[in-house]
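1. what follows is a predicted structure for the sequence shown.
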Amino acid sequence: MHVEQMSGEQLQAELQALETRYAELAELNLKLDLTRGKPGTEQVSLSDALDGILGGDYRAADGTDARNYGGLDGLPEAKQLFAGTLGVPAAELLIGGNSSLTLMYAVIDFALGTGLRGPESAWGNEDEVKFLCPVPGYDRHFAICEHLGIEMIPVPMLSTGPDMDIVEELVAADPAIKGIWCVPRFSNPTGCVYSRATVERLARLGSIAGDNFIVMYDNAYAVHTLDADAEALADIREFCIRHNTQDSVFQFGSTSKITFAGAGVAYLASSPDNLAAFKKHLGFQTIGPDKVNQLRHVRFFRDAAGIAAHMEKHAALLRPRFQAVLDTLESELAGTGMGEWLSPRGGYFISFNSRPGLAREIIRLAADIGVALTPAGATFPYGDDPADSNIRLAPSYPSLEDVQATAEAFVVCVKLASIRQKLQ
C-alpha cells in the first residue's frame, strides 16, 4: 500500500512491526558494507594470469624493452588495444599509470596552471573558475574541483544524461564555466546511458563556450555491461569532428574494474593538439609510465574479443548481486511511495531516492545496526544533497549472501524512516 493512503492505525501498526524487525536486526551484530564500488575478490581473481604472463620476455612488438625508461605516451600495441574501448584511433590515445583519476586531476591541474593553449589560456589567470556537475554524480570528480578551488554548479541528471537545456543555457551565459564532468555510459550512480542527442550536444559545447572549455568524459564503464544487449554509447569523437570541437573533449578509461583495481592501466584520449600539449607537460613529471604492466595486459587480452570475453565473466559475477538488490527493492518498496530507483544494465551502482529529507536518517539507521552505506550527500558537490534523498548502493564487493542481507536490512530502514516521517 502507498504510504499516503495508509490510515493512522495502519501506520502505527506498520511502525510497531518495523521497530520489532529493526531490533531483531540490531541483535545480529551485522557487519555489512555497500559503500564503494570495488570489484570483489572473485572479480580481481579473474586476472590472476597476469602474474608471470611475460615469462621473462619484456620486448614489445617494436623491440622496445618495457623494463627501461621512455615511452611517455605508452606502448603502441597497448594503445591499439585500449583505443578500442573508447572508440578512438590509437594515435589519439595516451596511456598513463594505473589510475584514470590521476589523469583527470592532471588535466584539470594543467588547464588551471599551465593552460591548454599556452600560459595566456590558463584558467588560473581568471578571477573565478566554475565547473558543471551533473547530479547525482561521482564524488571523486567533485573532490578534485573542491581541492583545486573550482566552484561547482549542480545540473540535474535525466534518464538521457545531463539536462542539456540547462547546460547550454549556463555555458552560454557564464564564461567562467570552463567544463563539465560526465560519466556517459552506466553513469555513476544512476546507471543511465547518455542518449545520442545528449552526446552530440556535449560535443557541440566547445562551439558555444570557446576553445578553453572542456568536457571531462570519464568513460569508466565503457565495457562494463551486465546484459549483452545493453544500450551502446554514441561516438562523441564523431560529433566533435562534425562540429569542429575536437579540442574540447578529454576521454578517460582504465582497466581498474577490468583486471587488478590497484594495478591496472589508465588512459586518456583527445585531439592531437591536446595530446601534444599534455605530453609536454607530463614530460616534466615523469620519464614514462609502467610499460611492463602495459605489456602484461596486451599479452593477457590479445585483442578486443579478449576484453569482451573477460567482461562477460565479470558480468556473471555481478549480475546476481545487482539482481538481489533490485528484486528486494521491487518486492518490498514498489508502489509504497517510499522510494524510487533505476535498474541499470551495467556499471557498478544502483541509485536510490528516498522520500525527501530521509537519506541521512536512513543511512544513520543502517549504521546503527551494522550496515555501512555511502554517506548521504556524497553524490552531490560539497556533500550537499538539497533534497536529502539520494543514496548510492554499491553491490559489487560483498558476497552475494551479504548483498542480499544488506538489501533486506536497507529496506527495513527505508520503511522505518518513511513511516516515522509520515506520522510526524
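-> The structure has been received and is ready for your questions.
2. can you pull the pLDDT of Arg36?
-> Listed pLDDT for Arg36 reads 85.
3. please name the nearest non-neighbouring residue to it.
-> Spatial nearest neighbour of Arg36, excluding adjacent residues (Cβ to Cβ, 6 or more residues apart in numbering): Ala394 at 5.6 Å. C-beta: built from backbone N, CA, C; applies to glycine.
4. tell me how far the one you found lies from Leu365.
-> With the distance defined as Cβ to Cβ, to the nearest Å, Ala394 ends up 18 Å from Leu365.
5. and the strands in the stretch 251-400 of the chain?
-> Remark: strands assigned in the stretch 251-400 of the chain by DSSP state E, counting those that start in this stretch are 266-269, 339-341, 350-354, 371-373, 390-393.
6. can you name the residues in contact with the last one?
-> Okay, so that is strand 390-393. Strand 390-393 is contacted from outside by 34, 136, 188-189, 325, 349-354, 359, 362-363, 373-374, 376-380, 410, using Cβ atoms under 8 Å, 6 or more residues apart in numbering.
7. so which bits of stretch 308-325 are buried?
-> 310-311, 314-315, 317-318, 321-325 (16 or more other Cβ atoms under 10 Å).
8. now stretch 412-420
-> 412-420.
9. follow-up on the earlier one: let's have the strands of the stretch 251-400 of the chain in TSV, adding mean neighbour count.
-> Output for these, formatted as TSV (neighbours: other Cβ atoms under 10 Å):
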stretch	mean neighbour count
strand 266-269	26
strand 339-341	19
strand 350-354	23
strand 371-373	22
strand 390-393	26
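10. can you lay out the ones you listed as CSV showing distance to Pro162 and mean pLDDT?
-> Formatted as CSV, the strands of the stretch 251-400 of the chain follow (distance: least, Cβ to Cβ, whole Å; pLDDT from 0 to 100):
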stretch, distance to Pro162, mean pLDDT
strand 266-269, 20, 98
strand 339-341, 19, 97
strand 350-354, 15, 98
strand 371-373, 25, 96
strand 390-393, 16, 98
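11. between these, which one is closest to Arg140.
-> The closest of those to Arg140 is strand 390-393. By Cβ to Cβ, the value is 12.3 Å.
12. any idea how far the closest one is from the middle of the chain?
-> When distances are taken as Cα atoms, centre = their mean, to the nearest Å, strand 390-393 is centred 13 Å away from the chain's centroid.
13. ok, that strand: who's next to it in the sheet?
-> strand 350-354 (antiparallel) (DSSP bridges).
14. burial measure for Lys178, as a count.
-> Lys178 has 24 neighbours, counted by other Cβ atoms under 10 Å.
15. which SSE is it in?
-> strand 177-182 (DSSP states H and E).
16. tell me what that strand is packed against?
-> helix 100-113, strand 130-135, strand 161-162, helix 164-173, helix 205-209, strand 214-218 (3 or more Cβ pairs under 8 Å, 6 or more residues apart in numbering; DSSP states H and E).
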